[in-house]
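Trainee: give me coordinates for this.
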Amino acid sequence: MPAPRFGLWYDFRNPGPDAPPFEALYRELLDQIVLAEQLGFESVWLTEHHFVEDGYTPSPLVLAAAIASRTERLHIGTNLMVLPLHDPIRIAEDAATVSILSNGRFDLGVSIGYRADEFAAFGRHLKQRPSLLEEAVEVIRRAWSGQPLRFQGKRFRYGDIRVTPVPARPPRVLIGGMSPPAIERVARIGDGFLSTGGLGHDLYLDALAKQGKDPALGTIVAGHWAIIAEDPQAEMHRLAPYILWQTNCYVRWGAFGPDAREFQRVEDAVREGFYELWDADTAVRELSSLIERYPQIEDIHFWARFPGEPVDSATRRLRYIASQVLPRLRAAPGA
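Mentor: Now for the predicted structure:
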């Protein structure tokens, strides 16, 4: 298999009383993404939530189009969109448009979601998430076929309509999940698995085999929570308020299950496995081992910036990864 891409993960969050205007933050982050392409990063991934006090982006496809217009080679994807909140026809149309604008550099990553507030606001029911997601994936694929939809499901019904324009390269539909049922669904209907923090790889490959599919032909897109810096312990302490903001928001929302508790100290979040601290040598060793164990991995990406962190602070970390880690990984045997 070809060597994996290495990329960055963005949420465009902007917390705190001293937060800059969103116009300034978006401009800085888009400039950073352009720089990242120049430094040798190969992908950028965007995530989605709604009604978050810090402005967690609700519109990743709009951002994907902006990124497509300012880059030439970066692969662009969503990791991930909460598909049950959306009308699948509109997602199909917008994602097709991003694929056209990017000349086929876009993949659509989705998942089932978990925040009750979001579902209530959009008039959706949490208990209907599985059927909402599965039917939406089917509708999106039919929309990109260029043929009339003619879809009648439990949640969506469309007549003899045809979605245009159809991109020359329709995006793949990648699906995320952490629980065994969610990962079984990925193996059954997804074009690949969006993993988080290295979790679920073996479950996904086993699920492929149970579906009668060849695990060797699986696709893993790995969102990784490592903090890579010359002195990772010092970086952890320097970034502590931003790391705790990110971690505790996800804990409050229930992303890690009902028993997870908020952290008062950043060291505790790291000790519990939410983050790994790597210098360049450790990063090369750990990532090389991960890629060797799971050759199905086609992309590994890291948080580019923690919520509230100054953009130039995050850029220093990106430069370190680009100069001290990526060349060594690409020079490794088999890369």
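
Trainee: ranges for the helices of the chain?
Mentor: 22-39, 60-70, 88-101, 116-121, 129-143, 180-189, 201-210, 232-238, 240-253, 266-271, 280-293, 311-324, 326-331 (DSSP state H).

Trainee: I'd like these as a markdown table, with mean pLDDT and mean neighbour count appended.
Mentor: (C-beta placed from N, C-alpha, C; glycine too.) Converted to a markdown table, the helices of the chain look like this (pLDDT from 0 to 100; neighbours: other Cβ atoms under 10 Å):
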| stretch | mean pLDDT | mean neighbour count |
| --- | --- | --- |
| helix 22-39 | 98 | 16 |
| helix 60-70 | 98 | 19 |
| helix 88-101 | 98 | 21 |
| helix 116-121 | 97 | 15 |
| helix 129-143 | 98 | 21 |
| helix 180-189 | 97 | 18 |
| helix 201-210 | 98 | 18 |
| helix 232-238 | 98 | 16 |
| helix 240-253 | 97 | 19 |
| helix 266-271 | 96 | 17 |
| helix 280-293 | 97 | 16 |
| helix 311-324 | 98 | 17 |
| helix 326-331 | 95 | 14 |
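
Trainee: and these as a markdown table, adding distance to residue 218?
Mentor: Formatted as a markdown table, the helices of the chain follow (distance: least, Cβ to Cβ, whole Å):
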| stretch | distance to residue 218 |
| --- | --- |
| helix 22-39 | 27 |
| helix 60-70 | 25 |
| helix 88-101 | 22 |
| helix 116-121 | 30 |
| helix 129-143 | 17 |
| helix 180-189 | 8 |
| helix 201-210 | 5 |
| helix 232-238 | 31 |
| helix 240-253 | 26 |
| helix 266-271 | 30 |
| helix 280-293 | 13 |
| helix 311-324 | 26 |
| helix 326-331 | 21 |
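
Trainee: so which of those helices comes closest to residue 303?
Mentor: helix 240-253 (7.8 Å; Cβ to Cβ).

Trainee: angle of the closest one against helix 311-324?
Mentor: Between the axes of helix 240-253 and helix 311-324, defined by axes from the mean of the first three to the mean of the last three Cα atoms, to 10 degrees, the angle is 100 degrees.

Trainee: what lies in contact with stretch 226-239?
Mentor: Residues from elsewhere that reach stretch 226-239 (Cβ atoms under 8 Å, 6 or more residues apart in numbering): 243, 266-267, 270, 275-280, 282-283, 286, 302, 306, 309, 313, 317, 320-321, 324-325.

Trainee: what do you get if the cut-off is 7 Å, keeping everything else the same?
Mentor: Residues outside stretch 226-239 that contact it (Cβ atoms under 7 Å, 6 or more residues apart in numbering): 243, 266, 270, 275-279, 283, 302, 306, 309, 317, 320-321, 325.

Trainee: give me the beta-bridge partners of the residue lying closest to residue 138 once chain neighbours are set aside?
Mentor: Closest residue to residue 138 apart from its sequence neighbours, by Cβ to Cβ, 6 or more residues apart in numbering: residue 151 at 7.0 Å. Bridge pairing for residue 151 (DSSP bridges) gives the partners residue 158.

Trainee: that'll do, ta.
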